[in-house]
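next input, structure requested:
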Amino acid sequence: MKVVIIGGVAGGASAAARIRRLDERAEIVVFEKSGYVSYANCGLPYYIGGTIQDSAELTLQTPESFYARFRVDVRVHHEVCGINTTRRKVTVKNLQTGAVFEEGYDKLLIATGARPAVPPIGGEKSEQVFTLRTVEDTLKIKAYIDARKPRTALIAGGGFIGLEMAENLRGLGIDVTLVQGDDQLMTPFDRDMAAFIHGEVKRGGVRLYLSSMVDQLEEEEEKIRVRLKDGTNLAAELVILAIGVVPDTALAEKAGLKLGAGGGIVVNPRMETSCPDVYAVGDAVETTHFVTGGRSQIPLAGPANKQGRIAADNICGGDSRYGGGQASSVLKVFDLTAAVTGINENAARAAGIAYDKVILSPLSHAGYYPGGTVMTMKVLFEKETYRLLGAQIIGRDGVDKRIDVLATALRAGLKGYELAELELAYAPPYSSAKDPVNMAGYMIGNLKDGLVRQWYYEDAAALPRDGSAILLDTRTAGEYARGHIEGFLNIPVDALRERLGELERGKPVYVICQSGLRSYIACRILAENGFDAYNFAGGFRFYDVVFGESAPQEKAAPCGLEP
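Model prediction:
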């Protein structure tokens, strides 16, 4: 059996190694148009920033090491230009010699990945304008920074690459402006959770333009003049386009393979395309989303590697299945960690799923042990069934641990309230006897059992302030004095029982505290005394961050440059 693989990064390299482990006699040929295989895309910004100092550390395998261990024929600088599924041949161009030839196959795997989205905005081909996708891209940016010592940089795009580049360029002492077309960074998160990311990015010294898009780039001496769609003019000596990626499916489309609505190659759970003996994996494909059941594209390394292994199993006669992706990811944002799994509120609404949520702010470990830090957790679940839908966590310590537990629980089909039953490791330096994941389960269980009802930050503006409802802040007087929502009466929770007579019965009571715990206790006191009470999800800390970061952003030009 001869297997040809187009693309030698995550999915392609994983498949090649797996095929060899399953079939010692198979002939395996990998064509990769760049000069590198099996490299760490996710590590590229950290080489530019100097955290990773040796570029050789970015490549997990070389063509030589791949052949030595797996006897895989890896040909870099070879671009597949066409696929003939009838003749079972691919047309290949050697990019170093220009020679064009055909290569036959018995099984074909397409792992062409995705390419950066670069809109036609003029100036995008300037030597001062870059995208970041390959090792070659990384080396070009690093060489430019080392040679030119730019003082200012502009990044278009607020996803993974955009934020990682912003942090790494700031680490080099470069003034950074980040322009994002959406009204938030990191769209896998909900806008309320992204507010924490916005604050951290600004604390890191990055100028942030939300709901702004680059309209035109123009070279001007040693700078790039950047015009936004709203007419704002900026300038920088280095521009990174990190607007997003699109599936690299030109080959597949030309060969007649079925593409999905989003442009990705349609595959079944066996990673088979619409053409017999042709498989596809990674960023180029469209698969089933584990949570919604709909078709989706998840351009992440984890799913690509899993899909490569599954395709390899089936190429070798097995019957492995991909159960769908849930887009679990984690990101370092200066001193914060932001992590997500499953779907957010926007995705739930788009899928027509009736959902609810809990928001909590637990410490990363036991409060009595020094060094604990607050994290913000948001867990979504389906109404009626309490099926877990997704989770988002932002904090300094322990975030990755909790998101992995929640991702596992989601995959295992646990109900939200069943999180309370998980027996998780505890020691004061690492956790609490009631882990934050357990606490989310307790909160969902309370909702299920009718022990509490909630109101949310998006309800704040519509709260009745005409006297028909009671707005109650149960924090201490000092906390209340430092900041509160207009119209809220302050009665600390510990004094509430004695002051119930101050509250008019028959009116709904909307309760808030700093994190949601004291207000929950207050709601129970009120409910036991005949009041109709609602607890604020997230607490005043959450409210303050969300509404503070929703204020209009200052739009200053990069330092030292005229607007």
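
switch to C-alpha atoms for all contacts and neighbour counts from now on
Fine.

assumed P303 was part of a helix.
Yes. Residue state for P303 (DSSP: H, G, I helix; E, B strand; the rest coil) corresponds to a helix.

how near is it to R518?
For P303, the distance to R518 (CA to CA, to the nearest Å) stands at 41 Å.

likewise A284?
From A284 across to R518, the span is 49 Å (CA to CA).

of those two, which one has the most company?
A284 (28 against 21; other CA atoms under 10 Å).

residues in contact with the more buried one?
By CA atoms under 8 Å, 6 or more residues apart in numbering, the contact set of A284 is A111, T112, G113, A114, P247, D248, T249, G264, I265, Q297, P299.

how does it look with 10 Å?
110-115, 246-250, 252, 259, 263-266, 297-299, 304 (CA atoms under 10 Å, 6 or more residues apart in numbering).

helix or strand for V4, which one?
Using DSSP states H and E, V4 maps to strand 2-6.

what packs against that strand?
helix 10-22, strand 27-32, strand 78-84, strand 89-94, strand 100-104, strand 107-110, strand 278-280 (3 or more CA pairs under 10 Å, 6 or more residues apart in numbering; DSSP states H and E).

7 Å instead, please
Contacts defined by 3 or more CA pairs under 7 Å, 6 or more residues apart in numbering; DSSP states H and E place strand 2-6 against strand 27-32, strand 107-110.

could the ones you listed go into a markdown table alongside mean pLDDT?
Shown next, in a markdown table, are the helices and strands packed on strand 2-6 (pLDDT from 0 to 100):
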| stretch | mean pLDDT |
| --- | --- |
| strand 27-32 | 98 |
| strand 107-110 | 98 |
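
which stretch among these comes nearest D319?
Nearest of those to D319, taken as CA to CA: strand 107-110 at 15.4 Å.

hey, C-alpha coordinates of the strand holding V4 in CSV?
Output of strand 2-6 as CSV, limited to C-alpha atoms (Å, rounded to 0.1, in the frame of the first residue of the first chain):
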residue,chain,number,x,y,z
LYS,A,2,1.3,3.5,-0.9
VAL,A,3,0.0,6.4,1.0
VAL,A,4,0.6,10.0,-0.1
ILE,A,5,0.1,12.7,2.5
ILE,A,6,-0.3,16.4,1.5
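
in that strand, what counts as buried?
For strand 2-6, a neighbour-count test (16 or more other CA atoms under 10 Å) marks V3, V4, I5, I6 as buried.

so which of those residues comes closest to G548?
Nearest member of those to G548, counting by CA to CA, is I6, at 48.2 Å.

so what's the closest one up against?
Counting by CA atoms under 7 Å, 6 or more residues apart in numbering, I6 makes contact with V30, F31, E32, L109, I110, A111, T112.

in this structure R191 contacts Q184, no?
Yes. Using CA atoms under 7 Å, R191 is in contact with Q184, at 6.1 Å.

quick check, pLDDT for the spatially most distant residue from the centre of the chain.
Relative to the C-alpha centroid of the chain, counting by CA atoms, centre = their mean, G501 is the outermost residue, at 48.7 Å. What the model reports for G501 is a pLDDT of 96.

ok so, going back, just the buried residues of the contacts of A284.
110-115, 246-249, 252, 259, 263-266, 297-299, 304.

find the nearest non-adjacent residue to R295, please.
Nearest residue to R295 in three dimensions, chain neighbours excluded: T288, at 4.6 Å (CA to CA, 6 or more residues apart in numbering).

neighbours of that neighbour, how many?
Neighbours of T288 under the rule other CA under 10 Å: 21.

and it, what helix or strand is that in?
Going by DSSP H and E, T288 is part of strand 285-288.

after that strand, next one along is what?
For strand 285-288, the following helix or strand on the C-terminal side (DSSP H and E) is strand 295-296.

who touches that next one?
Under CA under 7 Å, 6+ apart, the answer for strand 295-296 is E286, T287, T288, H289.

if you set the cut-off to 10 Å instead, what comes out?
260-262, 264, 266, 285-290, 324-327.

now, of those residues, which are buried?
Buried members of the contacts of strand 295-296, scored by 16+ other CA under 10 Å, are 260, 264, 266, 285-290, 324-327.

turn the residues you listed into JSON lines, columns for distance to L388 and pLDDT.
Shown next, in JSON lines, are the buried ones among the contacts of strand 295-296 (distance: CA to CA, whole Å; pLDDT from 0 to 100):
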{"residue": "G260", "distance to L388": "27", "pLDDT": "95"}
{"residue": "G264", "distance to L388": "27", "pLDDT": "97"}
{"residue": "V266", "distance to L388": "27", "pLDDT": "97"}
{"residue": "V285", "distance to L388": "25", "pLDDT": "98"}
{"residue": "E286", "distance to L388": "23", "pLDDT": "96"}
{"residue": "T287", "distance to L388": "20", "pLDDT": "95"}
{"residue": "T288", "distance to L388": "17", "pLDDT": "95"}
{"residue": "H289", "distance to L388": "14", "pLDDT": "97"}
{"residue": "F290", "distance to L388": "11", "pLDDT": "97"}
{"residue": "G324", "distance to L388": "15", "pLDDT": "96"}
{"residue": "G325", "distance to L388": "15", "pLDDT": "96"}
{"residue": "Q326", "distance to L388": "12", "pLDDT": "97"}
{"residue": "A327", "distance to L388": "14", "pLDDT": "96"}
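
surely P188 touches A194?
Yes. Using CA atoms under 10 Å, P188 is in contact with A194, at 9.0 Å.

what's the overlap in contacts for those two?
Joint contacts of P188 and A194 (CA under 10 Å, 6+ apart) are Q392.

Y426 against N438, yeah?
No. With contacts counted by CA under 10 Å, Y426 stays clear of N438, the gap being 11.8 Å.

of those two, who's got more company?
More crowded of Y426 and N438, by other CA under 10 Å: N438, with 21 against 14.

which residues touch the more buried one?
G416, Y417, E418, L419, A420, E421, L422, E423, L424, S432, I444 are the contacts of N438 under CA under 10 Å, 6+ apart.

three-state assignment of it?
helix.

all set, thanks.
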